[in-house]
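Asks: pasting a predicted model and its sequence here:
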Amino acid sequence: MITHYIIQSVFVLVGLMAVLAAVFNWDWFFTANNTRFIVENVGRVRARLFYAVIGLFMIATGVFFFLTLQGMI
């Protein structure tokens, strides 16, 4: 049962990091090897939007799984 909470918190934390990176335009985030592919193909502004949406989706997924586990959904 504790494993579920760890996975949910990882989803929320990674999503929060992606949203914060998009909002604050963190250079270290958008020049990393993993994100460079997106930035080079669609540009920095659209990459920020993409990672903001992905981050919000990950946060929503973590919250959804938490509420499902609690029996609220």
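Replies: Okay, I see it.
Asks: what bits of this protein have low per-residue confidence?
Replies: By pLDDT under 70, the chain has no low-scoring segment.
Asks: please enumerate the strands of it.
Replies: Applying DSSP state E to the chain gives no strands.
Asks: could you list the buried residues of the helix ranked longest in it?
Replies: In the chain, taking DSSP state H as the definition, the longest helix is helix 44-70. Going by neighbour count (16 or more other Cβ atoms under 10 Å), the buried part of helix 44-70 is 47-48, 50-52, 54-55, 58-59, 62, 65-66. (Each C-beta comes from the backbone N, C-alpha and C, glycine too.)
Asks: can you name every helix or strand that that helix contacts?
Replies: With contacts defined as 3 or more Cβ pairs under 8 Å, 6 or more residues apart in numbering; DSSP states H and E, the packing partners of helix 44-70 are helix 2-24, helix 27-30, helix 33-42.
Asks: got a markdown table for the ones you listed, with distance to M72 too?
Replies: Conversion of the helices and strands packed on helix 44-70 to a markdown table gives the following (distance: least, Cβ to Cβ, whole Å):
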| stretch | distance to M72 |
| --- | --- |
| helix 2-24 | 13 |
| helix 27-30 | 33 |
| helix 33-42 | 34 |
